[in-house]
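**Student:** here you go, sequence then predicted model.
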Amino acid sequence: MTPIEEALAEITAFCDELSIPYMLIGGLAMAAWDEPRATLDVDLSVWIEPDRQESTLKRLFQSFQALPPDPFRFASETRVCPVLSSKGVRIDVVLGVLPFEREAIARARTLAIGGRTIRVASVEDLLLMKLVSERPRDREDAERLLRRFGGTLDREYLMPLLENLADALGRPE
């Protein structure tokens, strides 16, 4: 396994041990659905019930080296918990809070990555996340997903969400 696959195995084993629903997002999710592309970190979206959040984050920061000096404050302000794997690979654990995120995690597909079964964001949900982002790399990823999966996308699921997001963000394009 590569160091990034080992980091993925570490964080997903942690989630499985604590029964934390998760989905792989970001560059590794793109690589799982499309052609592999360079990425230096693991991005994972998780759903932690509010009454378990403090204790779960405490366990996360005991099990992985937190990057911010005050990781609890950083997590509450940004919804992101940047940590390092045992081999020094960055892992961004994104705390889901929106109903869309909870549903997307529930819709995640199981794929084999690095010899391990991993829950990966569905193509539709990954596409939505890429379209919402304003980073050029995410726009390129969205275009790649559309070229490859455009004919098989679940449009009944995708279009209402896309329209709601476009309205909410004031970005009709």
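**Tutor:** Nice, thanks for sending it over. Quick caveat, the model's predicted, so the values are computed rather than measured.
**Student:** which helices and strands does the worst-scoring helix or strand of the chain on mean pLDDT pack with?
**Tutor:** Averaged element by element with mean pLDDT, DSSP states H and E, the chain has its least confident helix or strand at helix 155-169 (a mean of 85). Secondary-structure packing of helix 155-169 (3 or more Cβ pairs under 8 Å, 6 or more residues apart in numbering; DSSP states H and E): helix 123-132. (Each C-beta comes from the backbone N, C-alpha and C, glycine too.)
**Student:** which residue ranges of this protein form strands?
**Tutor:** Taking DSSP state E as the criterion, the chain carries its strands at 22-25, 41-46, 65-66, 80-84, 90-95, 109-113, 116-120.
**Student:** could I get those strands as TSV with mean neighbour count?
**Tutor:** As requested, the strands of the chain are arranged in TSV below (neighbours: other Cβ atoms under 10 Å):
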stretch	mean neighbour count
strand 22-25	25
strand 41-46	23
strand 65-66	16
strand 80-84	19
strand 90-95	20
strand 109-113	14
strand 116-120	19
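**Student:** which one, of the ones you listed, ends up nearest to Glu143?
**Tutor:** Nearest to Glu143 among those is strand 22-25 (17.4 Å), distances taken as Cβ to Cβ.
**Student:** what's that closest one packed up against?
**Tutor:** Of the remaining helices and strands, those touching strand 22-25 by 3+ Cβ pairs under 8 Å, 6+ apart are helix 3-17, strand 41-46, helix 99-107, strand 116-120, helix 123-132.
**Student:** quick check: angle from the shortest one to helix 123-132?
**Tutor:** Translated: strand 116-120. 60 degrees (axes from the mean of the first three to the mean of the last three Cα atoms, to 10 degrees).
**Student:** could you provide the strands of the chain in a markdown table, with additional columns for distance to Asp141 and mean pLDDT?
**Tutor:** Conversion of the strands of the chain to a markdown table gives the following (distance: least, Cβ to Cβ, whole Å; pLDDT from 0 to 100):
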| stretch | distance to Asp141 | mean pLDDT |
| --- | --- | --- |
| strand 22-25 | 11 | 97 |
| strand 41-46 | 12 | 96 |
| strand 65-66 | 28 | 98 |
| strand 80-84 | 19 | 98 |
| strand 90-95 | 16 | 98 |
| strand 109-113 | 17 | 93 |
| strand 116-120 | 14 | 95 |
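**Student:** great, nothing more from me.
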